[in-house]
Structure formats: structure tokens, C-alpha cells
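Chemist: Any chance you could fold what I've pasted below:
(2 chains, ligands or ions: 5)
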Amino acid sequence: MSQNIPGTAKKGIHELGAETKVGWDEVTQGVVLEPFAEPVKDVAHIRPEERNYTDFSSYTATVASWRVLKPVYNSDICIDCQNCWVWCPDTSIISRDKQMLGIDYDHCKGCGVCVEVCPTNPKSLLMFDTNENLDVALSQWPEKKKKEK
Amino acid sequence: MAITSIKNLKEFSTVNERFEGAHLLCPGCAHSMIVRELMNATDDNLVISTNTGCLEVSTAVYPYTSWDTSWIHIGFENAASAISGAEAMYKARKKKGTLKDPDAPVKFVAFGGDGSSYDIGFQWLSGAIERGHDFTYIVLDNENYANTGGQRSSSTPIGAHTSTAQAGSHSYGKTQKKKDIVAIMAAHGAPYVAQLAPNKWKIMAKGFQKALDTEGACFINSVSPCTTEWKFDPKDTINVADLATDSLMFPIYEIIEGHELNILYRPKNIIKVEDYLGAQGRYKHLFKPENRHVIDRIQKDVDAKWEYLQRREEARV
Ligand SMILES: Cc1ncc(C[n+]2csc(CCOP(=O)(O)OP(=O)(O)O)c2C)c(N)n1
Ligand code: SF4
Ligand code: SF4
Ligand code: SF4
Ligand SMILES: [Mg+2]
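Modeler: Ligands and ions are numbered 1, 2, ... in the order given. Model prediction:
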């Protein structure tokens, strides 16, 4: 992880966790994190896979270890309604060109919201143990329920 | 302004996200749902400030940032002041001709929690709205100081258990009513004020677009169900938000120019407030016989507020 912020290498925040203690007056005030390697003008028109993220963007980090359960996606039943996309709190539903493509397991925390809001019968997303093999999970998919609720 | 198409979810989903994952908000937290919707509702450049609170501490954990926009955090209470400064500087530099890219469309947004907006940053918010900076202030209203362990705020509703208004043998939780910040902001004469909810994604996206598009200081209070402090299963965030809007605990409406009130969502079947209260651990104690009167009181207050909103809407005053 590169943490070389100009002007802070030997000062301030880095020293807070180090052996040398510095006083308030010496602490570097604030910090600027650049999520992209070069100045970007129009982020909203660049797809994530085409962006040049730096290590400072949490996009490059993972919270996969938080998960106990993981959502598994069954594309056979999905109607691409995008409910899961709009309500995922962790930007972990990958949708491109109006199609749901799958789950970003680096960023998904396994909350289960996507399963709750999926309207198909049976659901196109279901929670499994986070270590479950995807093919095994798909082979265990339930049949269509007669009447929900 | 350049707005994203929100005609339907399929079209909406073609936007390129500017709020990244691997932030450290709790699984199922509604704060990030609301932030994603705001950022996805426009493709203009965004300058965003954020008060201290769950959103800020979880999205800027050194050495990471989850924001693909200009984003600033200074202190607990001053997101409104920070964005005022940024907006004023932008205008001044535009006038002087010193902006690098003067034609690039840009919007200014501030996020705050209920603690930092209703209470501790209240005067800073009031000042920024009164000065009329061209920005949108959004409260992520989870009705408590969640980031510091769930203390009561002036947004906490009556009867809720919090770490500083505890339910027990001598108390039913908070004994005061929730502050009506929407009315207070409308009384400032702000051009656009609204109360929204993430479960009603389209109404929310429309409201955000309207606020971003309106010149002047706009204010939005959004309910933000908090799985940790409201005590419900993380998977149920949207279900709880549905109960909130359908019981009218969180009516969805806008107020234009300080007076013109429009109801934006009318539940087909209005449910009882106890269905909403019963879905959350923080209200569990209200179902004891000795506390039932609090539920009755809440229902009465909610009915009266709904009646008031409908009459205000009808009156067109
Ligand atoms: C002036 C000041 N007072 C108190 C705090 C401690 N503090 C940090 S976050 C927080 C709670 C924030 O609550 P709220 O604004 O409702 O946001 P939430 O975390 O609930 O989203 C508090 C009290 C602080 N950082 N600065
Ligand atoms: S389980 Fe939660 S975090 Fe994971 S994809 Fe579903 S909604 Fe997103
Ligand atoms: S909510 Fe279900 S049906 Fe809709 S896009 Fe997601 S997986 Fe497909
Ligand atoms: S405590 Fe509540 S508001 Fe804070 S991150 Fe967790 S769910 Fe979100
Ligand atoms: Mg709060």
C-alpha cells in the first residue's frame, strides 16, 4: 500500500501511530486522498472497469471477511428488474447495460437486502454459507413456490 | 443540469457509480443507499461535505476514501459551513475567470446525521440555509447518535429506547417528541424542502434531482433505518423503511418556497404504527401493558400530523 502523501512522509498523521510523539502544533493539518492516478474530469461517464484507481480508493480494498452468508445469483430466473442494484448498500451488484451480471464479492458484506427485495418466484438471489461452492448452491435452488406468504 | 434518467430502474442502473464499496458502514446500513441514490441521480460534478458521524467515519478511513468526487470533512457540525465556503469560492472564481473549467456543471451537497443537523450543527445549518447558498443539505435521519453508541437526539421519537434515554422500570425511553425539522427549514423560506425515504427510490431520486436543480439552499430529511441502533436484522432495512412510510411515521412530502405543500406518497393501505414499532428492538418495551399508552399517543400524533399535512396540501396556502 503506497502511503506517500507529499509533505506528510515524516510528519503528522504518520507519527501519531509511530514511536515519536508529536504535539498538536506539529501534526499535519488534514490529508488529501486522490482516488484516481491522474486528474479525472468526467468520472460519471467512465465505467469503473475503465478507471485508473489508486490504492487510496476503497474500491481497491475488500470487506469480504465480514461475511458469514453470501448471496448467490441465479441468472436463469432473474428478470433484470434492478431492485437489488438500487438497494445494495455496498455497491456490490454489478449491472451493465440494464443487465444484472452478478455480485462483487470483494465488497459485498452479506447483509441479505438484495435477497429481500428480489421479486421473482423462486428468488433469483439466495443466501448460502459464504464458503459454499457456487455450482453446489445453484444445484440446490428451490422450486417455484405456489403462493408466496 | 445533466440528470440521470430515472424513468425506470433499468435506465437508472446504467449510471456509473461514484460511491465505492468497502466503506465500513454496518451491513444493511441505509446511509449508503441514500448516498448512492443522490450521487447516481446526476452526472454533474459533485462537491460534497459531510459532518462527523457514521457516514463520514466509515467512508474516509485512512488510507482509503470511498468518494470519487470532491469531498471534504472538517468537523462534527460544519458540513453546511464548509459547503457554503466552497460554493462561495466557486462563484467568486467563476466571476474572476480563474476556474480551470468554468463550463463544467457542478452541484454542491452536504450530508449530516440527525445529531449533527437537528442538534449540534443546527445553527450552522440554519445560517447556510438563510444565506441561501446554492446547495442541497441532506439529513441521514436514523434518529440517534449512532456513531457514538446510540444516544438520543432531538430527532429521536417519543418512546424509543436509546443509551441516554433508557427504557426500564422507571421510564419508557425518550419522553419528548421528535423535532419537526422539515417545518423549521421551510420556515427559513428555503426554495425546496422535502422528507424522503430510500424504499421509495423513484420519489427519492426525483426529489434529489429537484433539489439539485433548484437554485438556492434546499433541504431534505431522509429516514435512514439503522440496523444496529433500531435493532432489526440487516436484511430488513427496506422492509422497515416500508413500514415507516406506510404507517405514516415518516410521511413523504415536499414544501416549495416555504409554503406550497405537496404529499408525494399516499399509502394504499395505511398500517398501524404498532406494526412499525413492533419490527424494531428499540420499541420492544412499549408492548408491555404499562407502556401501551405510549403507542396510543404515537398513533394519535401520527393521525393528527397526516390530517394536518392533507389540509395544508388542500389549502394551497
Ligand atoms: C463537537 C463534537 N461533539 C461530539 C463528537 C462525537 N461524535 C462523533 S460522531 C457522533 C454521533 C453522530 O450522530 P449523528 O449526527 O446522528 O450521525 P450518525 O452517526 O447517527 O449517522 C458524535 C456525538 C464530535 N466528533 N464532535
Ligand atoms: S448481500 Fe448486501 S452487500 Fe451483498 S450484494 Fe446483497 S445487498 Fe449488496
Ligand atoms: S432483484 Fe432479482 S430479479 Fe431483480 S435484477 Fe436482482 S436478481 Fe434479478
Ligand atoms: S450504526 Fe446504524 S447508521 Fe451507523 S453504520 Fe451502523 S447501521 Fe449505519
Ligand atoms: Mg444519527
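
Chemist: Does stretch B:198-207 reach chain A?
Modeler: Yes. Using Cβ under 8 Å from any Cβ of the partner chain, we find that stretch B:198-207 touches chain A at B:198, B:201. For glycine as for every other residue, the C-beta is placed from the backbone atoms N, C-alpha and C.

Chemist: Any buried residues in that stretch, and which?
Modeler: Using 16 or more other Cβ atoms under 10 Å in any protein chain shown as the test for burial, stretch B:198-207 gives B:198-201, B:203-207.

Chemist: now the strands for chain B?
Modeler: Along chain B, counting by DSSP state E, strands occupy B:45-50, B:70-72, B:106-113, B:135-141, B:167-168, B:171-172, B:192-196, B:217-223, B:253-256, B:260-263.

Chemist: Output these as TSV; include the columns mean pLDDT.
Modeler: Converted to TSV, those look like this (pLDDT from 0 to 100):
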stretch	mean pLDDT
strand B:45-50	98
strand B:70-72	97
strand B:106-113	98
strand B:135-141	99
strand B:167-168	96
strand B:171-172	98
strand B:192-196	98
strand B:217-223	98
strand B:253-256	98
strand B:260-263	98
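
Chemist: Up against ligand 5, what does chain B have?
Modeler: Residues of chain B lying near ligand 5 by Cβ under 5 Å from the ion: B:113-115, B:142, B:146.

Chemist: The nearest residue to B:Arg131 once chain neighbours are set aside: neighbour count?
Modeler: In space, and not counting its chain neighbours, B:Arg131 is closest to B:Ser84: 6.5 Å by Cβ to Cβ, 6 or more residues apart in numbering or on different chains. As a burial measure, B:Ser84 scores 24 neighbours (other Cβ atoms under 10 Å in any protein chain shown).

Chemist: Isn't B:Ser84 up against B:Ser126?
Modeler: No. Counting by Cβ atoms under 8 Å, B:Ser84 stays clear of B:Ser126, with 11.8 Å between them.

Chemist: give me phi/psi at A:Met100?
Modeler: The phi/psi pair for A:Met100 (degrees, to the nearest 10) reads phi -80, psi 120.

Chemist: that older thread, distance check, the residue nearest to B:Arg131 against ligand 1.
Modeler: 18 Å (Cβ to the nearest ligand atom, to the nearest Å).

Chemist: dump the residue contacts of that residue.
Modeler: Taking Cβ atoms under 8 Å, 6 or more residues apart in numbering or on different chains as the criterion, B:Ser84 is in contact with B:127-128, B:131, B:133, B:135.

Chemist: With neighbour count and distance to B:Gln280 as extra columns, can I get these in TSV?
Modeler: Below are the contacts of B:Ser84 laid out as TSV (neighbours: other Cβ atoms under 10 Å in any protein chain shown; distance: Cβ to Cβ, whole Å):
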residue	neighbour count	distance to B:Gln280
B:Gly127	15	34
B:Ala128	26	32
B:Arg131	14	38
B:His133	23	36
B:Phe135	26	33
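
Chemist: and the residues you listed, which two are the farthest apart?
Modeler: Taking Cβ to Cβ, the two most distant members of the contacts of B:Ser84 are B:Gly127 and B:Phe135; they sit 12.5 Å apart.

Chemist: mind listing the helices in the chain by residue range?
Modeler: No chain specified, so I'll use chain A. Secondary structure of chain A (DSSP state H): helices at A:13-16, A:83-87, A:113-117, A:134-139.

Chemist: that's the wrong chain, I wanted chain B
Modeler: Remark: helices assigned in chain B by DSSP H are B:9-12, B:30-40, B:54-59, B:79-96, B:114, B:122-131, B:181-187, B:201-213, B:237-246, B:273-277, B:292-315.

Chemist: Next, work out how far apart the closest residue to B:Trp71 other than its chain neighbours and ligand 3 are.
Modeler: Spatial nearest neighbour of B:Trp71, excluding adjacent residues (Cβ to Cβ, 6+ apart): B:Ile48 at 4.8 Å. Per Cβ to the nearest ligand atom, B:Ile48 is found 28 Å from ligand 3.

Chemist: And the pLDDT for the spatially most central residue of chain A?
Modeler: Residue closest to the average C-alpha location in chain A (Cα atoms, centre = their mean): A:His107, at 2.5 Å. In this model, A:His107 is scored at 97, pLDDT.

Chemist: Close to chain A: what parts of the stretch 51-200 of chain B are there?
Modeler: Counting by Cβ under 8 Å from any Cβ, the stretch 51-200 of chain B comes close to chain A at B:59-69, B:101, B:104, B:198.

Chemist: rerun that using 7 Å as the cut-off
Modeler: B:62-66, B:68 (Cβ under 7 Å from any Cβ of the partner chain).

Chemist: out of those, which are buried?
Modeler: By 16+ other Cβ under 10 Å, those give B:63-66, B:68 as buried.

Chemist: For ligand 4, state which of those residues is nearest.
Modeler: For those, the residue nearest ligand 4 by Cβ to the nearest ligand atom is B:Ser66; the value is 12.8 Å.

Chemist: for the closest residue to B:Pro191 other than its chain neighbours, phi and psi?
Modeler: Of all residues beyond its chain neighbours, the one nearest B:Pro191 is B:Gly216 (4.4 Å), with distances taken as Cβ to Cβ, 6+ apart. Dihedral pair for B:Gly216: phi 110, psi -180, per degrees, to the nearest 10.

Chemist: Okay then, goodbye and thanks.
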